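# Take this sequence and fold it.
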Amino acid sequence: MKIGLIGSDDDGRCQALARFLNSQNAEVVWVHNRSLNQQKAWHFDGRDFYYQGQNLSPVAAWFMATYPPALPEAWTDYQDYYLYRDWYVDYMHKREHRGFFLAWLLSLGHRGVPVMNPPEHAIGMQLKPIELMLAAEEGLRTPRTLISNDPERVREFVASLPEVVFKPSLGGSLCRPVDEAVMQRLDQLRSAPVTFQERIQGTPVRLTLVDGEPVSCVKLLSDHLDYRNDPEYEAGRITYEQLSLPTEVLDACRRTVQRYGMLFSGIDLMHTAEGEYVFLEANCSPLYLDIELRAKDPITAELALALLRHANDPARYQQALAAGRQSRGFVSYAMPFGEDLWT
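Next up, the predicted model:
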C-alpha cells in the first residue's frame, strides 16, 4: 500500500511518519510542498497527476504537513526583511504553483482519497475569526477579542481591559503585549485588521486530536506570554506535564474541530488559576515531535495508524468528514469551491 506525505523531506514529523509507515510495510511517496518552486517535474494528462514521472493515483491516502506558499520569498539583511526585487514575477510563479497544487489536492477529495487534513478544511482553519466563533458556539470560553483595523475602536477595547495582547489575524506570529509604544502606532492599523485579545493568565495546554480522539494532552510549564518565545522551549528544555481535561471541555474541543472537518489538530488552551480552560486556537498541522519525544505520547504512531485505517476503508474517512459537514452551523469561507465538493 502506498501512503503519501506532502511537506518537506527535512521535516522531522514527516521523517518519523515515514519510518513508522515503513515499519508497517507501507510504501511512502513523498511530494515536496515547494516542488514546483524547485522546478521539479509535474504534469496532468487530463486524468491523472504525475510527480517526477510517477503517477500519484495509486496512493491510497495522504498526510498534508505543509502547504505551498502563495507569496514571494523574503530575505534578511541585518534583521530587516526585503522582498526580492523581481517580486511580481516571483508572485506570479507562486500563484500558478499554488493553483496547480490546489487542483491536485482537490482532485483527491473528488475521488474520495483520504487526506489528513484536506485543503478545503485545513485552509479554513487558518481563518481565526471563524475558529473563535465556532469554539464559543460549542461552549468553550474564548478570550474577549477584537479584530479590527479601526484605531478608535481598538483604543476603546484596550481601555476596557487590564491587559491586552495582539497578533496577526491569521496567526503565524508570536503573541505580543499591547504597550504604550504599540498604542502610539495605532494609526498605522488602518492598512489591515489585527487581532487584539484580553491577556489570559495561566498555564499553556496543548491537546492533540487524531480522528477525534485525544492522543496527547500536556501542560507546558512556562510563564512567558507566548511559550514559543520561552528560551527553555527554544532550547528543548521546557517541562511537559500530563493532563486529563474535564469531559465537557474535551467534548467541546472535539465538536469544534469536527465542524471544520479536521481529523488531525493541535488545540491550544490556557488553564487559569481559577481552574477554567480558555480556548486560544486550533492548528491543522501542529508541531508535536518535542511533546512526543519528551512526554512519551505516541502521536506519530496514532497519526500513521489513522492514515492506514482510512486508506484501507475510504468510506470511514468520508463518514468522518460528513459528521462535521452536516453538523449545525458549519461555516464555509470565501474560496471558489463548488457545492459538489461536499457531496
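# which residues touch residue 288?
When contacts are counted by C-beta atoms under 8 Å, 6 or more residues apart in numbering, residue 288 is found next to 13, 208, 216, 266, 299. In short, each C-beta sits where N, CA and C put it, glycine included.
# Could you tell me which of those residues belong to helices?
Those of those mapping onto helices are 13, 299, per DSSP state H.
# Okay, residue 110 and residue 284: tell me how far apart.
Using C-beta to C-beta, to the nearest Å, residue 110 is found at 20 Å from residue 284.
# neighbour count winner among those two?
residue 284 (23 against 10; other C-beta atoms under 10 Å).
# Give me the phi and psi angles of the more buried one.
phi -80, psi -20 (degrees, to the nearest 10).
# I'd say residue 27 and residue 18 touch.
No - if you go by C-beta atoms under 8 Å, residue 27 and residue 18 don't touch, sitting 10.1 Å apart.
# ok so, going back, which members of the contacts of residue 288 come out as buried by neighbour count?
For the contacts of residue 288, a burial check counting by 16 or more other C-beta atoms under 10 Å picks out 13, 208, 216, 266, 299.
# any idea where the helices of the stretch 1-150 of the chain begin and end?
Here the stretch 1-150 of the chain has its helices, by DSSP state H, counting those that start in this stretch, at 12-23, 87-110, 119-122, 128-137.
# most packed of these?
Greatest average neighbour count among the helices of the stretch 1-150 of the chain goes to helix 119-122 (a mean of 22), per mean count of other C-beta atoms under 10 Å.
# Looking at that helix now, give me its mean pLDDT.
Here helix 119-122 scores 69 as its mean pLDDT.
# send the alpha carbons of stretch 26-39 over as PDB?
Only the C-alpha atoms of stretch 26-39 are listed here, as PDB (Å, rounded to 0.1, in the frame of the first residue of the first chain):
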ATOM      1  CA  ALA A  26       3.600   0.700   3.600                       C
ATOM      2  CA  GLU A  27       5.400   2.400   0.700                       C
ATOM      3  CA  VAL A  28       5.900   6.100   1.300                       C
ATOM      4  CA  VAL A  29       5.500   8.500  -1.600                       C
ATOM      5  CA  TRP A  30       7.000  12.000  -1.000                       C
ATOM      6  CA  VAL A  31       5.700  15.200  -2.600                       C
ATOM      7  CA  HIS A  32       7.700  18.300  -1.600                       C
ATOM      8  CA  ASN A  33       5.400  21.200  -0.900                       C
ATOM      9  CA  ARG A  34       7.800  23.500  -2.700                       C
ATOM     10  CA  SER A  35       8.400  21.100  -5.600                       C
ATOM     11  CA  LEU A  36       7.200  23.500  -8.300                       C
ATOM     12  CA  ASN A  37       9.300  26.300  -6.800                       C
ATOM     13  CA  GLN A  38      12.300  23.900  -7.000                       C
ATOM     14  CA  GLN A  39      11.400  23.200 -10.700                       C
END
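# No further questions, thank you.
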